[in-house]
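*Asks:* Would you be able to build a 3D model of this:
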Amino acid sequence: MANLYGVNYTAQDPVAAGDTSGALAANIDVAEWGGRVRVCYDSFTASGATGATDVIYLGKIPNNATILYGVMIHDNTNGSAKYQVKVGSTELRASATMTADTLTLITKQASIASKTTALSDVTVTLATAALADTKSIKLMIYYTID
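*Replies:* Numbering: from 1, shown residues only. The predicted model follows:
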């Protein structure tokens, strides 16, 4: 059995990771090691059916935040609603069907650990079915900034 070490583990403790070159511990971005996780939570309840391409704004993520993942749930029973979630221009979830009342993890490999470059809107777009009257969306985006 071999001991294998991640990039940040090696940077933080090169000797324990087997580096014999005399390398000193490196500073690691606090977003990747020891940072505090924050959450942007918002919800939306439709008053009348929304349009199939309406954009719903659900919070803002600060500049230089490292996006971790999101969680979303809805109670829309109006057809096969497809939702796309973005932070600024970074897509966290492609427009795909979500089953009503099922908590869904929202992440894409390409967007994990991406950083915002400005104060960024969190948006949800319904692609194929409207959000029915009185139905809601709840969204949490987890990120770290310090």
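
*Asks:* Now stretch 107-118: buried residues?
*Replies:* Applying a neighbour-count criterion of 16 or more other C-beta atoms under 10 Å, the buried positions in stretch 107-118 are Thr107, Ser111, Ser114, Thr116. For glycine as for every other residue, the C-beta is placed from the backbone atoms N, C-alpha and C.

*Asks:* and stretch 110-126, C-alpha only, in CSV?
*Replies:* Extracted C-alpha coordinates of stretch 110-126, given in CSV (Å, rounded to 0.1, in the frame of the first residue of the first chain):
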residue,chain,number,x,y,z
ALA,A,110,-15.6,22.7,-15.0
SER,A,111,-17.2,25.1,-12.5
ILE,A,112,-15.9,23.6,-9.2
ALA,A,113,-13.4,26.0,-7.6
SER,A,114,-14.0,28.7,-10.3
LYS,A,115,-13.6,32.2,-9.0
THR,A,116,-15.9,35.1,-9.6
THR,A,117,-14.2,38.1,-11.2
ALA,A,118,-16.9,40.6,-10.1
LEU,A,119,-20.0,40.8,-8.0
SER,A,120,-22.1,38.1,-9.7
ASP,A,121,-25.8,37.5,-10.0
VAL,A,122,-27.1,34.1,-9.3
THR,A,123,-29.7,33.3,-11.9
VAL,A,124,-32.1,30.4,-12.7
THR,A,125,-33.7,30.1,-16.1
LEU,A,126,-36.6,27.9,-16.9
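
*Asks:* Average pLDDT for it, rounded please.
*Replies:* Here the mean pLDDT over stretch 110-126 is 88, rounded to a whole number.

*Asks:* which element is Tyr69 on?
*Replies:* Counting by DSSP states H and E, the element that carries Tyr69 is strand 66-74.

*Asks:* So what's the model's average confidence on that strand?
*Replies:* In this model, strand 66-74 has an average pLDDT of 91.

*Asks:* Determine how far it lies from the middle of the whole chain.
*Replies:* Shown here is strand 66-74, whose average C-alpha point lies 4 Å from the average C-alpha point of the whole chain (C-alpha atoms, centre = their mean, to the nearest Å).

*Asks:* now swap in stretch 138-146 and tell me
*Replies:* Here the centre of mass of C-alpha atoms in stretch 138-146, compared against the chain's by C-alpha atoms, centre = their mean, lies 6 Å away.
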